[in-house]
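Undergrad: Have a look at this prediction, sequence included:
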Protein chains: 2
Amino acid sequence: MSVKLAVLGHGVVGSGVVELFYKNKAKIEKRAGKELDIKYILDLRDFPDSPYKDKFTKDFNDILNDDEVVSVAECMGGIEPAFTFVKSCLEKGKSVSTSNKELVAAKGDILLRTAKENNCNFFFEASVGGAIPIIRPLHKCLAANDIDKVMGILNGTTNFILTKMKDDNMNFEDALKLAQELGYAEKDPTADVEGHDACRKICIISSLVFGKHVYPKSVYTKGISDLKLCDIESAEILGYSVKVIASVRKLENGKILPAVMPMLVPLENIISGVDDVFNAVMVYGDGIDKAMFYGRGAGKLPTASAVLGDVINTVQHDNTVVSQTWESVENNDFVAPIEEFKSKWYFRVPLDCKKVKTESYTSDDGISFITPKELTFAEAAEKIGELNALAYIPVLD
Amino acid sequence: MSVKLAVLGHGVVGSGVVELFYKNKAKIEKRAGKELDIKYILDLRDFPDSPYKDKFTKDFNDILNDDEVVSVAECMGGIEPAFTFVKSCLEKGKSVSTSNKELVAAKGDILLRTAKENNCNFFFEASVGGAIPIIRPLHKCLAANDIDKVMGILNGTTNFILTKMKDDNMNFEDALKLAQELGYAEKDPTADVEGHDACRKICIISSLVFGKHVYPKSVYTKGISDLKLCDIESAEILGYSVKVIASVRKLENGKILPAVMPMLVPLENIISGVDDVFNAVMVYGDGIDKAMFYGRGAGKLPTASAVLGDVINTVQHDNTVVSQTWESVENNDFVAPIEEFKSKWYFRVPLDCKKVKTESYTSDDGISFITPKELTFAEAAEKIGELNALAYIPVLD
């Protein structure tokens, strides 16, 4: 008798899970050590031409009440009804693997606790970095480390746009339009372009690494919609690449400081070479120094690969709780305000500014330079006023 | 009662394991879900000034016959007595985590089978890529993929030497001397410089990915001791970085082709930016497209971090076999000969050569160019003779 699985949602990721599962079924079963089959696919739409049409159901209870189903892949997205469905599955002892970052960022603590109480697993490798193994390595492989910083490129859409701006001299609007045409950006690109997507992912990483639930609303988040092509060009001449960096670090006062914002990355930093829709995450620990994970951060099969990796794991560890957990918290007062963020800054100031004493690059758009010293956000704000700065972007150290 | 561990060997890695364990003990115990302690350290030398001097023993049987010891870290290196010690531990049901690539490359199949038969685990994350999580991601996170190619930089010593040659215009001998002074190369640097170390690592990866034990002697291995500075310089002008690439790919005829050799890596490939002692491994699969893992490939604490990550895993999964296995084989006839390796080539030919029709770079040392077409090793050999080539290096696609 094969072990029965269910897939919630038959959109891009859900259909990818089904496709990849049947493509590599023999290999997957060998690795799981068990015969496996997908018994149900939940979707409200009809798929009369699907080769798996007999597996579709519109009623979640078919899955919930079928004791044969031991492992569920949630690929619906959004908080509800995903949260209710996932929680009900866990309460019945069915392990769940999800690609839903919004769900994990909002309700991860509750779902991890529910899994633990019911002796099953809640996995979410696919929710951060798509195909890139990052959650399991953070939790398992780097378990002996005191991790004090994680940073990286966690949104493929904005990275694609920035790459097009840099390499093809496109302005933001044209690059966004191209991303939409290629299917890399949604019709309403707000969640990607304004940094909300990357914010959810750095919240999940922060919660996992520092052990307490970090909510998106407590994280400073800035997107790229007001980035000018001339600043990307000037940055390159000064030896930097502009990237949307999601980061979290532990401060000396014990608080943590997560943030999402465009930053200048020195060209000698390997992160600066991560282009197009690729993502990368750099982890700093006292044992490893630093390690980076790189790959496709989104897309049908890459995300499906991560979901299925988790599903295989739930089946191998039937009745063993191997999930990570983190604390629920009443507030996020262990999260430091962005004013404490300290870095060097890129400034572009008007051509008539006489106060630039450091190495700079001058074009029709102004004088661009990097501050020699690190400034907090508060100190930078003062400088911006003083110099009438036209653009200002923090620099990654 | 705490769970008791033992560490075999108190050299660089073994002492790092003890140091990192006690530094992060609270964190490690939280992740393991159990109290842990190191009960024995095996070494034939005396360490009268060690804070752990009461844990030392010179008699392996103290460890083997102590039923309290459930998990052992093997950091001795070499095949014997490591093999005998590890096998005896596994036969007694004690899980073993090792950093010993020579042991895994030579005897991995036997030790994995022994672990499985005795319901315990044999882990070897630290044997490939030092701190970089690669074995567990390959086995776990990418389990839903059909992986057809793995390639990367698996030796930090040669990568350091090549970086110094490129960035500081040092010749091979001077760069090697510097590596030795800094402790990155051993007094007898043969294993690193001639590619044997990288060869063992690609054997381990090949065995894991393709399921059959691949022996070092069946893998084409070429080092960097005859690399000329002028070829590194010419390669850079042509848009390439010279790296020692360890790779394995599945051929259309079903065989696999592992190899270790210097190759030209296009500067737009992120692998070309992996410098100094850092390692990186790129994995290609049908779900993920490609994913890369980057970090310190050697060193006391990075390697200790990987060993301890495994140890934590053995303790979490007490009495569950989660190790990967691969088949023992009588011969390596599923390994294709290097003659089938096909790629473009870098050639440097004498200044009076009239046959160069493609884009080239000319210096006092000759005319350097990349062949427009891919050539097998056999075809390249013919070309080398025809052109009286002074240097020839395959190009990574």
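TA: That came through fine.

Undergrad: quick one, what contacts residue A:266?
TA: A:239, A:240, A:272, A:395, A:396 (CB atoms under 8 Å, 6 or more residues apart in numbering or on different chains). C-beta: built from backbone N, CA, C; applies to glycine.

Undergrad: my read: the last one touches residue A:264, true?
TA: Yes: look at residue A:396 against residue A:264 with CB atoms under 8 Å: they come within range, at 6.6 Å.

Undergrad: Show me which of the two is the more surrounded one.
TA: residue A:264 (27 against 19; other CB atoms under 10 Å in any protein chain shown).

Undergrad: So that one, which state does it fall into?
TA: strand (DSSP: H, G, I helix; E, B strand; the rest coil).

Undergrad: Could you give the bridge partners of it?
TA: residue A:242, residue A:395 (DSSP bridges).

Undergrad: and of the contacts of residue A:266, the nearest to chain B?
TA: Nearest to chain B out of these is residue A:272 (CB to the nearest CB; 8.5 Å).

Undergrad: The lowest-mean-pLDDT helix or strand in chain A close to chain B?
TA: Sorting the helices and strands of chain A by mean pLDDT, DSSP states H and E puts helix A:135-136 at the bottom, at a mean of 88. Yes: Helix A:135-136 reaches chain B (CB under 8 Å from any CB of the partner chain) through residue A:136.

Undergrad: can you pull the contacts of residue A:160?
TA: Contacts of residue A:160 (CB under 8 Å, 6+ apart): A:175, A:179, A:182, A:184, A:185, A:276, A:277.

Undergrad: about what we covered before: buried ones among the contacts of residue A:266?
TA: A:240, A:272, A:395, A:396 (16 or more other CB atoms under 10 Å in any protein chain shown).

Undergrad: Redo the residues you listed as CSV? Include pLDDT.
TA: Shown next, in CSV, are the buried ones among the contacts of residue A:266 (pLDDT from 0 to 100):
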residue, pLDDT
A:240, 98
A:272, 95
A:395, 98
A:396, 96
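
Undergrad: In the residues you listed, find the pair that's most separated.
TA: A:272 and A:395 (11.6 Å; CB to CB).

Undergrad: Need the overlap of contacts for the two.
TA: Common neighbours of residue A:272 and residue A:395 (CB under 8 Å, 6+ apart) are A:240, A:266.

Undergrad: Return, as residue ranges, the portions of the stretch 151-300 of chain A with sub-threshold pLDDT.
TA: Residue ranges of the stretch 151-300 of chain A with pLDDT under 70: none are present.

Undergrad: Now do the helices in it.
TA: A:156-168, A:172-181, A:190-193, A:196-210, A:229-237, A:300-316 (DSSP state H, counting those that start in this stretch).

Undergrad: Pull the distance from the second one to the chain's centre.
TA: Using CA atoms, centre = their mean, to the nearest Å, the mean C-alpha position of helix A:172-181 is found 21 Å from that of the whole chain.

Undergrad: what do you get for the fourth one?
TA: Average the C-alpha atoms of helix A:196-210, do the same for its chain, and the two points are 7 Å apart (CA atoms, centre = their mean).

Undergrad: repeat for the fifth one
TA: Here helix A:229-237 is found 26 Å from its chain centre; the criterion is CA atoms, centre = their mean.

Undergrad: what do you get for the longest one?
TA: Averaging C-alpha positions (CA atoms, centre = their mean) puts helix A:300-316 17 Å from its chain's average.

Undergrad: for stretch A:24-36, same thing?
TA: 28 Å.

Undergrad: Rounded mean pLDDT for that stretch, please.
TA: Model confidence over stretch A:24-36, given as mean pLDDT, is 92.

Undergrad: now the contacts of residue A:160: which count as buried?
TA: Using 16+ other CB under 10 Å, the buried ones in these are A:175, A:179, A:184, A:185, A:277.

Undergrad: which residue sits closest to the second one, ignoring its sequence neighbours?
TA: So the one you mean is residue A:179. residue A:185 (3.8 Å; CB to CB, 6 or more residues apart in numbering or on different chains).

Undergrad: for residue A:257, what are its contacts?
TA: A:248, A:249, A:250, A:251, A:335, A:336, A:338, A:340, A:341.

Undergrad: residues contacting residue A:344?
TA: A:370, A:371, A:372, A:373, A:374, A:375, A:394, A:395, A:397 are the contacts of residue A:344 under CB under 8 Å, 6+ apart.

Undergrad: ok, 10 Å please
TA: Going by CB atoms under 10 Å, 6 or more residues apart in numbering or on different chains, residue A:344 touches A:264, A:370, A:371, A:372, A:373, A:374, A:375, A:380, A:394, A:395, A:396, A:397.

Undergrad: Dump the residues you listed into a markdown table; add distance to residue A:302 as well.
TA: Listed next are the contacts of residue A:344 as a markdown table, based on distance: CB to CB, whole Å:
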| residue | distance to residue A:302 |
| --- | --- |
| A:264 | 28 |
| A:370 | 35 |
| A:371 | 38 |
| A:372 | 41 |
| A:373 | 41 |
| A:374 | 37 |
| A:375 | 38 |
| A:380 | 37 |
| A:394 | 30 |
| A:395 | 31 |
| A:396 | 26 |
| A:397 | 30 |
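
Undergrad: what's the closest of these to chain B?
TA: The nearest one, if we look at the contacts of residue A:344 relative to chain B and count by CB to the nearest CB, is residue A:396, at 15.6 Å.

Undergrad: Let me know the distance separating the residue nearest to residue A:179 from residue A:77.
TA: 16 Å (CB to CB, to the nearest Å).

Undergrad: Tell me the residues on the stretch 151-300 of chain A that lie near chain B, please.
TA: A:211, A:267-275, A:278-280, A:282-283, A:285-296, A:299-300 (CB under 10 Å from any CB of the partner chain).
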